[in-house]
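> Predicted structure and sequence below. I'll ask about it afterward.
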Amino acid sequence: MRNRTFLFAQAIAGAVALSASAVQADIQYPVNNPQPKEGQYVHVPPTMEDLEKTEFHPELKRVIRRGYDLFMNTQQLRGKNVFNSMNCSSCHMGEGRLPFAGPVWPAAVILPNYRPKNDHVNNLEERIAGCFSFSMNGQPPEYGSDDMIALAAYHQWLAKGVPIYSSGKNMYGRGYPKLAEPEQKMDYQRGKKVYEENCMICHSSDGSGLVQNGKEIFPAVWGDRSYNWGAGITRHFTLSSFVKHNMPLGQPNTLTDQQAWDVAYYINSHERPQEPRYTGDVKETREKYLDTFHVHTNYGLKVEGRLLGDHKNTGEKDFLKPDVLRPRTYTAD
């Protein structure tokens with residue numbers, strides 16, 4: 001590990017500038033994340049202030065700033081590319097820089113790479129398109145479009161200095177590191193109690209989030225305005241880690257692991273827009289993508305007497321599957 005990484009590791013793990021992106025407020029919160037382990041690669045992403053100090057061409061700076069703007073306020077694409085209440089920064093907190101909160105810089109250096117979810121090699125633009133298709137229940141910007149290039153440029157700016165094709169296995173704080181398996185089986189009623197005591201104040205009793213003066217303040221966590229059944233955060237191990245390391249807002253790492261697992265199970269036991277890969281039969285769809293994805297979700301299972309995902313509701317959009325979600329073979333045909 002480079003010496004520089006150790007100089008900044010404690011600062012990242014102890015107190016990182018966490019932008020409350022949902023409310024666009026410049027607030028700093030203690031993070032108290034685990035310290036890096038020996039051999040882990042620690043990267044301190046550059047800031048937008050750092051960008052202005054570079055010798056980059058002014059036009060490149062402008063495009064990166066546009067990518068940052070789209071990342072922080074993806075709702076400006078509502079009804080065109082986004083069909084729910086999410087911003088990129090809703091899941092990738094701290095401007096996409098924060099460890100243990102889905103920092104986005106790793107995607108810029110580990111891709112192109114094989115991805116089990118769609119069983120082919122993905123590049124950075126296709127990975128971003130996946131977030132639009134599932135997490136934002138939307139229609140991705142076209143590959144090579146102004147908006148897609150700007151978003152990719154912002155990801156790559158955050159990865160400045162990281163070697164391309166770096167191994168994602170030893171990156172400190174990448175993604176939402178999986179918690180230890182819960183001591184007790186995940187429980188709906190215990191999760192409901194955790195939600196009511198810690199989450200409801202921002203995301204409401206019906207999971208619909210908070211809207212003020214027509215502006216999304218906090219995103220919906222279930223229902224038509226939330227992520228669909230194909231989003232990565234429908235997996236219990238993903239949501240539990242996100243909750244543990246980032247929630248409640250301003251109080252990360254205050255819930256126990258068991259509470260995080262339970263509330264993740266509770267949230268992901270509520271209905272949401274249909275999985276874009278839906279075949280017309282929920283149990284068939286679950287089985288088709290069981291090994292690569294739905295083994296970790298409640299989609300197609302009965303919870304509290306309800307068969308989840310047994311519907312054709314696509315939320316705010318009028319289509320099921322974006323055209324970009326297609327197989328690739330990379331053959332000459």
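Now that the structure is in, tell me what you want to look at.
> and stretch 326-333, average pLDDT?
When pLDDT is averaged along stretch 326-333, the result is 87.
> how far does it stretch from start to finish?
Start and end residues of stretch 326-333 are separated by 15 Å (CA to CA, to the nearest Å).
> Now do the longest helix seen in the chain: everything it contacts.
Using DSSP state H to define each element, the chain has its longest helix at helix 58-72. Residues outside helix 58-72 that contact it (CB atoms under 8 Å, 6 or more residues apart in numbering) are 19, 21, 24, 48, 51-52, 54, 56, 76-77, 87-89, 92, 95-96, 104, 146-147, 149-155, 157. The C-beta positions use only the backbone N, C-alpha and C, and glycine is treated the same way.
> Let's see that with 6 Å instead.
21, 48, 51, 88-89, 150-151, 153-154, 157 (CB atoms under 6 Å, 6 or more residues apart in numbering).
> Selecting buried members of the residues you listed in PyMOL, what would you type?
Listed next is the PyMOL selection for buried residues among those, using 16 or more other CB atoms under 10 Å:
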select buried, resi 21+51+88+89+150+151+153+154+157
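> and stretch 99-109, average pLDDT?
On average, stretch 99-109 scores 97.
> just the strands in this protein please.
Taking DSSP state E as the criterion, the chain contains strands spanning 15-16, 29-30, 113-115, 120-122, 210-212, 215-218, 302-303, 306-307.
> Sort out which residues of the longest one are buried, please.
Read it as strand 215-218. 216, 218.
> Strand partners (parallel or antiparallel) of that strand?
If you go by DSSP bridges, strand 215-218 pairs up with strand 210-212 (antiparallel).
> For the partner strand, list every residue counted as buried.
Those would be L210, for strand 210-212 by 16+ other CB under 10 Å.
> Next: stretch 47-67.
51, 61, 63-67.
> go on, stretch 184-192?
Applying 16+ other CB under 10 Å to stretch 184-192 flags 186-187, 190-192 as buried.
> Could you measure from the nearest residue to A260 once chain neighbours are set aside over to G168?
Once flanking residues are discounted, A260 sits nearest to K244: 3.9 Å by CB to CB, 6 or more residues apart in numbering. If you measure K244 against G168 using CB to CB, to the nearest Å, the figure is 20 Å.
> The two: who's more crowded?
K244 (23 against 15; other CB atoms under 10 Å).
> my guess is that one meets Q259, correct?
No. Contact criterion CB atoms under 6 Å: K244 and Q259 do not qualify, at 8.3 Å.
> how far away is E126 from A152?
For E126 relative to A152 (CB to CB), the value is 10 Å.
> who has more neighbours, the two?
A152 (22 against 19).
> Can you check the pLDDT for the more buried one?
Confidence score, pLDDT, at A152: 98.
> Please determine how far it is located from L210.
31 Å.
> Please apply the same query to Q76.
Distance from Q76 to L210, by CB to CB: 19 Å.
> and what of K288?
As judged by CB to CB, K288 and L210 stand 36 Å apart.
> do the same with V121
For V121, the distance to L210 - CB to CB - is 39 Å.
> same check, this time on P322
P322 is 28 Å from L210, where distance means CB to CB.
> And the average pLDDT for the longest helix of the chain is what?
What helix 58-72 shows for mean pLDDT is 98.
> Residue ranges in the stretch 1-150 of the chain under the pLDDT threshold?
1-31 (pLDDT under 70).
> What ranges does it have for its helices?
3-14, 48-53, 58-72, 88-91, 105-110, 124-130, 146-158 (DSSP state H, counting those that start in this stretch).
> In CSV, list the ones you listed along with distance to P36.
Below are the helices of the stretch 1-150 of the chain laid out as CSV (distance: least, CB to CB, whole Å):
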stretch, distance to P36
helix 3-14, 5
helix 48-53, 21
helix 58-72, 25
helix 88-91, 23
helix 105-110, 15
helix 124-130, 25
helix 146-158, 18
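> Let me see the ranges of the helices in the stretch 201-333 of the chain.
So, for the stretch 201-333 of the chain - with DSSP H, counting those that start in this stretch - the helices run 236-246, 257-267, 282-288.
> JSON lines for those, including distance to P276 and mean pLDDT?
Listed next are these as JSON lines, based on distance: least, CB to CB, whole Å; pLDDT from 0 to 100:
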{"stretch": "helix 236-246", "distance to P276": "18", "mean pLDDT": "97"}
{"stretch": "helix 257-267", "distance to P276": "20", "mean pLDDT": "98"}
{"stretch": "helix 282-288", "distance to P276": "10", "mean pLDDT": "98"}
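> any idea of the pLDDT on the spatially closest residue to N32 that is not a sequence neighbour?
What sits nearest to N32 in space, not counting adjacent residues and going by CB to CB, 6+ apart, is N253, at 4.9 Å. Predicted confidence (pLDDT) for N253: 95.
> so how far is P36 from N253?
Distance from N253 to P36, by CB to CB: 16 Å.
> who's more crowded, the two?
P36 (22 against 16).
> these two touch, right, that one and Y172?
Yes. Using CB under 6 Å, P36 makes contact with Y172 at a distance of 4.5 Å.
> residues bridging contact with those two, i.e. touching both?
Residues touching both P36 and Y172 by CB under 6 Å, 6+ apart: V42.
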